[in-house]
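**Q** after the sequence you'll find the predicted model.
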Amino acid sequence: MSIDVGALAPSPPDTPAVHVAGVSKSFGTLPALSDVDLRVQRGQVYGVLGPNGAGKTTLLRILLGLVHADTGTVRVSGRHPGAPEALRGIGALIETPAFVPHLSGRTNLRVLARARGLPDSEVQRVLEIVQLDGRADDRYGGYSLGMGQRLGVAAALLGRPPLLVLDEPTNGLDPDGVVQMRELVRNLGTDGTTVLLSSHILGEVQQICERVVVLDRGRTIADDTVENLRAGPGALTVELRADPPAPARTIARSRFGEATVPESDDATLRLHVDPGDVPALVRALVEGGVDVHEVRHERQSLEDVFFELTRHDAAEVRS
Ligand SMILES: Nc1ncnc2c1ncn2[C@@H]1O[C@H](COP(=O)(O)OP(=O)(O)OP(=O)(O)O)[C@@H](O)[C@H]1O
């Protein structure tokens, strides 16, 4: 489905592209979103991250006025979601895009463009952005999933909406399709378009987005820049190749506790510790008769952060 129509009336320049405050939504007794806040500034590429059922699509559908929040405030460019003035400023790709299979990609876009009074040159412009101009005259029904998704993005781009909402744009794509979509979204973000995209693929979000909100079972468990999240507590994994491994593990555990030094099959100790603690650990290992062959630092991925966050969250819920 894609939604975006006509020209956008201006709103004050400092109005956030998306402002969500205290939003909750339940389906029957099931809470899909609980007290969610989100503020997306204009020009940001913002990720909505979370496992299946976290509430990502529900949040995006609320922004488009397709679902109404039970409580809380929602504004899109300062306007009520679903209001014509709000919709005019959003290009959206939610779920699988719906196009006519026996028409070409170009004709499908022309139909949408003409309905909104946009010239054919606009169709050519968006086809070039998504790099489909070479296949634009082929039947849509013969497109691969990745081409179909890119045509969906092209439809969302018609009329240059300042806000793009993309729900799992790489879902179901093969590795090449994922790379192409990632490049596409990254490029969109460089021309000042605000992009809000959902994903459960953390590595992808890490490469595209400057900021992310992490949802888990409808609740916000983090909202920060990717850089800050990756620099948070336990940000570095330290790998030490130590020999013999068993006493090395015992010494490391006596300093940092059992949980910090997990079992491993090889002679490598992997620890989440403050890098400042590493020299003292190496000294203790050498004094304990352990040879240290290699020390490597690795910054944790967004995936590590995410698992760490959801692990704590699960523990809180259980307790
Ligand atoms: N129309 C609906 N009716 C009933 N329950 C719904 C509806 N839409 C969503 N839900 C439920 O709300 C919760 C959040 O769903 P949502 O689709 O927003 O999650 P999501 O993070 O987008 O998940 P996924 O990655 O699997 O698409 C889920 O438990 C889902 O089953």
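**A** Cool, the structure landed.
**Q** what residues does the strand or helix carrying Met147 touch?
**A** Assigned by DSSP states H and E, Met147 belongs to helix 145-157. Contacts to helix 145-157, defined as Cβ atoms under 8 Å, 6 or more residues apart in numbering, come from residues 2, 4, 91-93, 96-97, 99, 105, 108-109, 112, 126-127, 129-132, 135, 140, 143, 164-166, 169-170, 172-174, 176-177, 180-181, 184, 188. To be clear about C-beta, it is placed using only N, CA and C from the backbone, and glycine gets the same treatment.
**Q** are any of those buried, and which?
**A** 2, 4, 91-93, 97, 99, 105, 108-109, 112, 126-127, 129-130, 132, 135, 140, 143, 164-166, 169-170, 173, 177, 180-181, 184, 188 (16 or more other Cβ atoms under 10 Å).
**Q** so which bits of the helix holding Met147 are buried?
**A** Gly146, Met147, Gly148, Gln149, Arg150, Leu151, Gly152, Val153, Ala154, Ala155, Ala156, Leu157.
**Q** any stretches of this protein with poor pLDDT?
**A** 1-13, 232-236, 259, 300-302, 308, 310-319 (pLDDT under 70).
**Q** all strands for it, in order.
**A** Counting by DSSP state E, the chain has strands at residues 18-27, 30-40, 45-49, 71-76, 90-93, 163-167, 194-199, 211-216, 219-225, 236-243, 268-272, 291-299.
**Q** any chance of those strands in JSON lines, plus distance to Glu122?
**A** As requested, these are arranged in JSON lines below (distance: least, Cβ to Cβ, whole Å):
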{"stretch": "strand 18-27", "distance to Glu122": "25"}
{"stretch": "strand 30-40", "distance to Glu122": "25"}
{"stretch": "strand 45-49", "distance to Glu122": "23"}
{"stretch": "strand 71-76", "distance to Glu122": "22"}
{"stretch": "strand 90-93", "distance to Glu122": "12"}
{"stretch": "strand 163-167", "distance to Glu122": "16"}
{"stretch": "strand 194-199", "distance to Glu122": "19"}
{"stretch": "strand 211-216", "distance to Glu122": "30"}
{"stretch": "strand 219-225", "distance to Glu122": "34"}
{"stretch": "strand 236-243", "distance to Glu122": "48"}
{"stretch": "strand 268-272", "distance to Glu122": "50"}
{"stretch": "strand 291-299", "distance to Glu122": "42"}
